[in-house]
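> need a structure here:
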Amino acid sequence: MRPRDCSHRVLQLVSPPVTVIPPREPSDTYLDTSRRRPSRLDPEELGFTPRRQVAWLSPTQLAATGIRVAFAAQFGAYLDKRELQLALPTQVHDEYAAKDELWIDYIADLGDGFDATYSMAYLLAQDQLDTGERALPRADVLVLGGDQVYPTASGAAYEDRFEGPYKAAFPKALSDTSPHMFALPGNHDWYDGLTAFLRLFARRGDSHIGGWKTPQTRSYFALKLPHRWWLLALDAQGEAYLDDPQLEFFKGIAATFEAGDRVIIATPQPSWVQTEAHPRYYDTLDYFLRTVMDPSGAEVAVMVSGDLHHYSRYSSPNLPRQLINCGGGGAYTAATHHLPEEITVPPKHSVTRRASPQTKYRLAKTYPSKMRSKWLGSGVFGRLPWRNPGFTTFLGILHTMLLLAFQNEAGRILTIPIFLMVSVVMAACVFFAVGLTEGQQRFVPFLLGGLHGVAHILFGVGGWLIWRELPFRDLKWPLPALSAVVVYLPVAGVAAALLVSLYLLIAANFKVNVNELFAGQGIEDFKSFLRMHIAPDGTLNIYAIGVDKISKRWVSQPADSWFRPKEPMKARLVDDPVVFAPAAAPSDASVS
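The predicted structure follows:
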């Protein structure tokens with residue numbers, strides 16, 4: 001028997017006269033993914049274009065993303081569509097509450113290059129997943145934790161980087177037992193104000209992505225799970241407040257809680273570990289805990305997030321709560337060796353007048369390990385110059401112009417004043433350090449950026465001293481300039497990229513440009529996701545599953561996923577299973 005719909009208990013809506021974002025119609029190429037089967041990774045056969053992973057250090061990508069980020073920061077309040085979602089229907093998804101047991105997958109930061117994204121989608125779609133220790137069945141519910149697309153959101157980007165690969169991985173015909181998919185937006189989903197996100201995930205009617213049904217109606221959602229477990233997904237980006245419709249939605253749900261109910265909270269970013277760089281990030285989450293959760297009598301057992309592209313888990317001996325970040329869904333692997341061994345939540349430097357009691361948490365596990373993370377970071381010399389050809393070319397052009405400025409003699413070359421080129425190099429290096437490093441500290445990034453700029457200037461002087469000893473300068477104009485472009489530019493570009501690699505390796509030790517150290521390498525391996533199981537006795541088990549090496553070679557097959565890896569991927573548990581006791585009986589919870 002289908003559980004009674006409890007959405008009316010949460011919020012009675014009266015739609016205001018606003019313009020609602022229309023749902024995006026599925027493209028014709030996706031109308032019957034269960035029958036049409038491509039034989040190769042060809043866009044015409046697939047119905048989407050498999051994309052390479054984003055080259056984050058590409059000059060055009062840096063400029064485009066920078067403009068989008070700046071625009072979102074300046075006009076974010078005007079682009080914020082959360083309050084407009086009041087016109088969209090609200091619903092508590094309680095169809096799982098009556099089940100005896102339930103499997104839930106959680107994956108985040110997934111919509112990047114095809115190989116990594118499809119590798120993870122393929123594993124999620126399998127009937128069973130062998131972890132070496134036990135076989136885990138496919139989940140009944142798939143929760144996407146944010147950043148379903150990179151670098152910025154658009155209909156075409158979602159189709160190529162997320163929707164297409166996931167439909168190819170799970171092209172099952174829909175049925176009453178089809179698994180459900182829910183998505184929480186991350187910062188990259190937000191760059192267009194959630195327009196493309198809502199069109200994809202908040203459709204009306206019988207919407208789906210491949211064999212996953214997508215029943216959600218807003219950018220935030222609540223799942224009532226078996227044995228008095230709940231999953232609440234909050235849409236709160238950075239320091240943004242919780243909008244009134246969202247806050248009232250969750251307050252209405254909390255009013256139905258019984259003392260002792262257990263709750264999983266999903267957030268777009270792990271604000272508990274980002275407090276050093278962003279002291280106010282945790283304030284919104286702490287406000288939600290104090291004003292919504294604490295009065296309800298329910299217990300928050302685990303908070304889970306993506307955004308940082310690795311797995312980490314913090315636990316406390318004083319509070320039975322786990323803080324888990326799992327952002328290994330497809331984007332480049334991020335460092336773990338800089339994570340603090342101990343954090344205080346809420347942070348000591350919180351500016352909130354009222355805050356929850358502070359609790360210390362210890363780092364229990366990371367994937368990749370801190371030692372492996374350091375080893376990966378040291379591989380920057382062999383990866384960055386070659387995986388970012390646009391960035392290497394840009395450095396070559398910059399140093400060639402610096403050479404021509406030093407070499408400017410007898411007015412043969414258009415005047416490029418040395419002081420101007422030196423200023424450009426210094427400004428670029430300082431911006432690279434200060435502008436791309438998160439946090440409020442500015443002196444250390446400024447100092448390191450300045451030293452980085454001086455290193456490039458000295459490199460340019462050394463290149464000029466060598467160049468002047470070569471015969472190219474005695475050639476007839478314009479051959480000296482042409483020879484500099486043909487001969488000096490590629491050599492200087494690679495050498496300058498190696499210099500940037502050395503800078504990143506050193507700066508990361510001071511927590512400066514840590515993200516760029518790994519983004520520039522574009523490491524697609526070491527991916528992860530969570531598989532959670534609510535057992536018949538009400539126990540929650542969380543399995544952290546890692547894949548040390550993704551697949552990059554695919555073979556078409558006649559059934560199930562469109563393609564399988566040529567060499568089987570090996571999934572394994574990267575942490576001990578985290579076990580939570582069942583919810584206490586209401587009378588027991590009230591006594592305790």
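
> which residues touch the residue positioned nearest the centre of the chain?
Nearest to the geometric centre of the chain sits Asp109, at 3.1 Å (C-alpha atoms, centre = their mean). Applying C-beta atoms under 8 Å, 6 or more residues apart in numbering to Asp109 gives the contacts 145-147, 186, 306-307, 309, 327-331. For the C-beta atoms, the positions are set from N, CA and C on the backbone; glycine is no exception.

> now it: how far from Lys570?
Distance, Asp109 to Lys570, using C-beta to C-beta, to the nearest Å: 21 Å.

> tally of neighbours for the residue nearest to Thr393 when sequence neighbours are not counted?
Nearest non-adjacent residue to Thr393, counting by C-beta to C-beta, 6 or more residues apart in numbering: Gly493, 5.8 Å away. Gly493 has 22 neighbouring residues, counting by other C-beta atoms under 10 Å.

> Also Arg262?
For Arg262, using other C-beta under 10 Å, the count is 25.

> In ChimeraX, select just the buried ones from the contacts of Asp109.
Isolation of the buried members of those (16 or more other C-beta atoms under 10 Å) is achieved in ChimeraX through the command below:
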select :145,146,147,186,306,307,309,327,328,329,330,331
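
> just the helices in the stretch 451-592 of the chain please.
In the stretch 451-592 of the chain, the helices defined using DSSP state H, counting those that start in this stretch lie at 479-483, 489-507, 514-519, 586-591.

> out of these, deepest packed?
Mean neighbour count (mean count of other C-beta atoms under 10 Å) peaks for helix 514-519 among those, with a mean of 22.

> on contacts alone, who are the packing partners of it?
For helix 514-519, the packing partners by 3 or more C-beta pairs under 8 Å, 6 or more residues apart in numbering; DSSP states H and E come out as helix 370-378, helix 489-507.

> Export the ones you listed as a markdown table, with columns for mean pLDDT and distance to Ala298.
Putting these into a markdown table (pLDDT from 0 to 100; distance: least, C-beta to C-beta, whole Å) gives the following:
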| stretch | mean pLDDT | distance to Ala298 |
| --- | --- | --- |
| helix 370-378 | 95 | 34 |
| helix 489-507 | 95 | 44 |
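
> Which among these is found nearest to Leu402?
Evaluated over these, closeness to Leu402 peaks at helix 489-507, with 8.7 Å, by C-beta to C-beta.

> Tell me where the model's unsure across the stretch 351-500 of the chain.
351-354, 409-416, 438-441 (pLDDT under 70).

> and with 50 instead?
Along the stretch 351-500 of the chain, the parts satisfying pLDDT under 50 run over 410-414.

> tell me the strands in it, going along the chain?
Listed in chain order, the strands of the stretch 351-500 of the chain (DSSP state E, counting those that start in this stretch) span 359-367.

> returning to what we had before: I'd guess the residue nearest to the centre of the chain is in a helix, am I close?
No: counting by DSSP: H, G, I helix; E, B strand; the rest coil, one finds Asp109 to be coil, located in no helix.

> so how far is Arg372 from it?
Taking C-beta to C-beta, one finds Asp109 at 19 Å from Arg372.

> Show me the shaky parts of the stretch 1-150 of the chain.
1-34, 75.

> Could you pull out the helices in it for me?
With DSSP H, counting those that start in this stretch as the criterion, the stretch 1-150 of the chain has helices spanning 43-46, 59-79, 114-125.

> Does Ile457 touch Val422 like I think?
Yes: under the criterion of C-beta atoms under 8 Å, Ile457 makes contact with Val422 at 5.9 Å.

> Report the set of residues contacting both of the two.
Common contact partners of Ile457 and Val422 (C-beta under 8 Å, 6+ apart): Leu402.

> My read is that Gly329 contacts Asp105, right?
No: taking contacts as C-beta under 8 Å, Gly329 lies outside contact range of Asp105: 10.4 Å.

> is it fair to say Ser312 lies in a strand?
Yes: counting by three-state DSSP, Ser312 is part of a strand.

> Which segments of this protein make up each domain?
Per automatic domain parsing, the domain ranges recorded for the chain read 41-375, 380-519.

> and among those domains, the most buried is which?
Highest mean neighbour count among those (mean count of other C-beta under 10 Å): domain 41-375, with a mean of 20.

> would you turn the contacts of Asp109 into JSON lines with distance to Leu242 and secondary structure?
JSON lines is the format used below for these (distance: C-beta to C-beta, whole Å; DSSP: H, G, I helix; E, B strand; the rest coil):
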{"residue": "Gly145", "distance to Leu242": "18", "secondary structure": "coil"}
{"residue": "Gly146", "distance to Leu242": "16", "secondary structure": "coil"}
{"residue": "Asp147", "distance to Leu242": "20", "secondary structure": "coil"}
{"residue": "Gly186", "distance to Leu242": "17", "secondary structure": "coil"}
{"residue": "Gly306", "distance to Leu242": "19", "secondary structure": "coil"}
{"residue": "Asp307", "distance to Leu242": "18", "secondary structure": "coil"}
{"residue": "His309", "distance to Leu242": "26", "secondary structure": "coil"}
{"residue": "Gly327", "distance to Leu242": "22", "secondary structure": "coil"}
{"residue": "Gly328", "distance to Leu242": "27", "secondary structure": "coil"}
{"residue": "Gly329", "distance to Leu242": "25", "secondary structure": "coil"}
{"residue": "Gly330", "distance to Leu242": "28", "secondary structure": "coil"}
{"residue": "Ala331", "distance to Leu242": "26", "secondary structure": "coil"}
